[in-house]
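model the following, please.
(chains A, B and C)
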Amino acid sequence: MKKLLEISLGVVTSIGGFLEMGEMSTAAQAGAAFHYQLLWTVVLGTVCITFLTEMSGRFAAVSGHTIVDGIRDRFGIKVLALPFVSTAIVSLLVLSAEIGGVSVALEFATGIGYQWWALPVALASWLFLWRGTFGMLEKGVSLFGLVTLCFVVAIIRLKPEWTQVAAAAVPSRPHGQAATYWFMAASILGASLSPTLFLFYSSGAIEDGWDRSYLGPNRVIAALGMLFGGVISAAVLLISAHVLNGRGILDVQDFHQLPLLLVDAFGMWGFVLFVASLGIASLGAALEVALLEAYLFAQTFGWNWGQDCPPRANPGFSLVYTCALFVGAVPIAAGADPLKLTIFSMALTAVNLPLMVAPFIVLMNDEHYMGEHCNGPVSNVAVIGITGLAFLLGIVTLPLQYFGGT
Amino acid sequence: MDLVQDVLDKQIVDKNGVRMGRVDGLVAEMREGQLPRLVFIETGTVVMARRFGARAQRLMTALLVRLGAARKTTPYRIAWKDVREIGVDIELDVDSDDTPVHDWQRWLRERAIDRIPGAR
Amino acid sequence: MNTFNLDELVGLRVAAADGKRVGRISELIAEERGGDCVVYAVRIETHGFASRVLRWMAMALSPASVRHKLAQQPLDVAWDKLDWADLHQPRIRQ
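Numbers count the residues shown, from 1 in each chain, chains lettered A, B, ... in the order given. Predicted structure coming up:
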């Protein structure tokens, strides 16, 4: 039972890894452009990330390795090199997007432009990592992240046609604008399946000292944690469909339109709740992605690591998250559009996905690491199928979206 | 014992459980008329680069020299007899403070980290 | 001491005595003998990448009971049975 209380790892991973600027932006855009139709991508993304997260916890608990550690262990540095570099770069972009998310929330709250908030946000995040422990991060983000439940309350209040919602949970083809439809599908899948999430979860499980006795709780924690994120993401999409698409606003051109989402359901409070949700979720994500970069470097090169240790104990580890946060703040401080940056980084994540998932899934089927806890065919099919889909969509639609013709 | 599966690329841990790099290379002695024996495990940035080929090794060495870290170009070798146990990690009979593997981190600690408040 | 880097052997192509390609070195097998860790055999991976991926997929998608039947038998060759005159091009002796 006490182990189930560690649900906070699941929820924090969900808030920072699943539900953050990326998921909220892509879901909002999808709802505006295609009404309920893209709901199936949220469902598919949630299913796949639940499998990946459960596998991630199971891997850590049984093998005693984090995923990156395990990949280097099993395949050697030559195989790890490419996913390491690509994930480090893509994660940095995602970090920028998250810092952008917090900065945008602060702009909504104060009226001061988001560019001015980029460096203060990076500094505040840095301070939190410098002085805080992993437990503080987990429980803090999980607790404050519960504010995002307001989206669920909002969609219930808006009384959608639930039969229509259910119909949209099944994949369907677009009636027009096919390229945009599939690009958005790729972005949502990329936002849901971010490697940050399952890589972070395995490091977190090791930080929390999970062993085989955690296998049962791990399943519950992964499922509930990801369900939490998935339901809220779905709510964002449905609300956007109502509030924006319902009014004929088919495209979220400007992030300033986003706070409108909760005003219908809550009036003035909707604005406050939206800003709080966006800010907290993006801050949680920023902290996690920065930590993830540090874990990535430390585990690839074999440095000592651990969020619970004081920074001076692990200078290399501390240096990485410090640099990541300040480099990540630069594009936002320089005026990059946070919404556009987010959507782009999410699609890029979808393309990067197989590089990390492929070695991971080989590990999950390796008896040497997993003993009798290897993956069964169901997990394998689910993960390979959905990540394959995300990759294909990303690789096809990304060039079209940014470099293609009309 | 399978050297690639059980030793190469594994995490090295000192006698106190402190992580100190990964096994980047293996050094064996070639003996006349006898089977080769493993004498050292190697760890280091240049050794890691060597795994990608001789050119990568040269580039890494040049880069480290350019950064003023010429000391890091010599790989750190751990005698096989100092390996205490091979399990999830490679455990050594050595204290990492007695080795140069953390020199750059110590440098970082003195020059940068300790100057920032709250590092303890 | 005449030393060489064992890790450089991993991935090397191994040819048969007649020059035909046998495969690549995938593993170095060692054991403790008289206080020394002695390398006494190498494992050679005879299948190509595509073949291994397909075999892995077949194993991953089948239930646990069937998997063992699909597993590959490794090709282990004693160190002495290889001609190491050129450390970069090992050949199986006649």
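
so who does A:Ser233 touch?
Taking CB atoms under 8 Å, 6 or more residues apart in numbering or on different chains as the contact definition, A:Ser233 lies against A:18-19, A:23-24, A:27, A:42, A:45-46, A:192. Quick note: C-beta positions are derived from backbone N, CA and C, even for glycine.

ok, now how distant is whichever residue of chain B sits closest to chain A from chain C?
Nearest residue of chain B to chain A (CB to the nearest CB) works out as B:Arg22 at 3.5 Å. For B:Arg22, the distance to chain C (CB to the nearest CB, to the nearest Å) stands at 12 Å.

what residues are up against the residue nearest to that residue when sequence neighbours are not counted?
Distances taken as CB to CB, 6 or more residues apart in numbering or on different chains place A:Gly302 nearest to B:Arg22, at 3.5 Å, with adjacent residues excluded. By CB under 8 Å, 6+ apart, the contact set of A:Gly302 is B:11-12, B:19-22, B:43.

got phi/psi on the residue of chain A found nearest chain B?
Residue nearest to chain B within chain A (CB to the nearest CB): A:Gly302, separated by 3.5 Å. Per-residue torsions, A:Gly302: phi 80, psi 20 (degrees, to the nearest 10).

can you check A:Gln307 too?
phi -70, psi -30.

tell me, how many neighbours does it end up with?
24 (other CB atoms under 10 Å in any protein chain shown).

for the closest residue to it other than its chain neighbours, what are its contacts?
Nearest in space to A:Gln307, with sequence neighbours left out and distances taken as CB to CB, 6+ apart, is A:Phe134 at 4.0 Å. By CB under 8 Å, 6+ apart, the contact set of A:Phe134 is A:204, A:207-208, A:306-308.

again, only this time at 7 Å
Contacts for A:Phe134 (CB atoms under 7 Å, 6 or more residues apart in numbering or on different chains) come out as A:204, A:207, A:307-308.

return the per-residue confidence for it.
Per-residue pLDDT puts A:Phe134 at 83.

ok, the residue in chain A that chain C sits nearest to - how many residues close by?
In chain A, no residue comes nearer to chain C than A:Asn380, which is 4.3 Å away by CB to the nearest CB. For A:Asn380, the count of nearby residues is 22 (other CB under 10 Å).

helix or strand: which one has the residue nearest to it when sequence neighbours are not counted?
Excluding the flanking residues, the one nearest A:Asn380 by CB to CB, 6+ apart is C:Ala60, at 4.3 Å. Following DSSP states H and E, one finds C:Ala60 within helix C:49-61.

where exactly do the helices run in chain B?
With DSSP state H, the ranges of helices along chain B come out as B:3-6, B:45-50, B:54-66, B:103-111.

looking at the ones you listed, which is buried most?
The highest mean neighbour count among the helices of chain B, using mean count of other CB atoms under 10 Å in any protein chain shown, belongs to helix B:45-50: a mean of 22.

just the C-alpha atoms of that one, please, in CSV.
The C-alpha trace of helix B:45-50 is given here as CSV (Å, rounded to 0.1, in the frame of the first residue of the first chain):
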residue,chain,number,x,y,z
THR,B,45,37.1,9.9,-23.4
VAL,B,46,39.8,9.0,-26.0
VAL,B,47,39.3,5.2,-25.4
MET,B,48,35.6,5.7,-26.0
ALA,B,49,36.4,7.6,-29.2
ARG,B,50,38.7,4.8,-30.3
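
on that earlier part again, can you pull the contacts of the residue nearest to A:Asn380?
Going by CB under 7 Å, 6+ apart, the list of residues near C:Ala60 reads A:365, A:377, A:380.

which bits of chain B sit near chain C?
Selection of chain B residues close to chain C by CB under 7 Å from any CB of the partner chain yields B:1-5, B:8, B:25-30, B:35-39, B:51, B:80.

now do 8 Å
B:1-5, B:8, B:24-31, B:35-40, B:42, B:50-51, B:80 (CB under 8 Å from any CB of the partner chain).

just the buried members of those?
B:3-5, B:8, B:24-28, B:35-40, B:42, B:50-51, B:80 (16 or more other CB atoms under 10 Å in any protein chain shown).

which bits of the stretch 1-150 of chain A sit near chain C?
A:Gly76.

residues from the stretch 1-150 of chain A in reach of chain B?
Applying CB under 8 Å from any CB, one finds that the stretch 1-150 of chain A approaches chain B through A:63-65, A:69, A:72-78, A:81, A:130-131.

among those, who's most crowded?
Neighbour counts for the residues of the stretch 1-150 of chain A next to chain B (other CB under 10 Å) peak at A:Asp69, which has 30 neighbours.

ranges for the strands of chain B?
Under the criterion DSSP state E, strands of chain B are mapped to B:11-13, B:19-22, B:25-29, B:37-43, B:76-79, B:83-86, B:90-92.

could the ones you listed be laid out in CSV, adding mean pLDDT?
Shown next, in CSV, are those (pLDDT from 0 to 100):
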stretch, mean pLDDT
strand B:11-13, 96
strand B:19-22, 93
strand B:25-29, 95
strand B:37-43, 95
strand B:76-79, 94
strand B:83-86, 93
strand B:90-92, 95
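
make TSV from these and add distance to A:Ala286 to it.
Output for the strands of chain B, formatted as TSV (distance: least, CB to CB, whole Å):
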stretch	distance to A:Ala286
strand B:11-13	28
strand B:19-22	26
strand B:25-29	37
strand B:37-43	33
strand B:76-79	36
strand B:83-86	39
strand B:90-92	35
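
quick one: low-confidence parts of chain C?
C:94 (pLDDT under 70).

quick one: the longest strand along it to chain centroid distance?
Criterion DSSP E: the longest strand present in chain C is strand C:21-33. Distance of strand C:21-33 from the chain centroid (CA atoms, centre = their mean, to the nearest Å) equals 5 Å.

among the contacts of A:Phe134, who's most crowded?
In terms of neighbour count, A:Gly204 stands highest of the contacts of A:Phe134 at 27 neighbours, by other CB under 10 Å.

so that one, which state does it fall into?
helix (DSSP: H, G, I helix; E, B strand; the rest coil).

how close does the residue of chain C at minimum distance from chain A get to A:Leu197?
Nearest residue of chain C to chain A: C:Ala60, at 4.3 Å (CB to the nearest CB). Noted for C:Ala60: a distance of 22 Å to A:Leu197, by CB to CB, to the nearest Å.

returning to what we had before: so which bits of the longest strand of chain C are buried?
Buried-residue list, strand C:21-33, by 16+ other CB under 10 Å: C:22-30.

which elements pack onto it?
helix B:3-6, strand C:13-15, strand C:36-45, strand C:75-78 (3 or more CB pairs under 8 Å, 6 or more residues apart in numbering or on different chains; DSSP states H and E).
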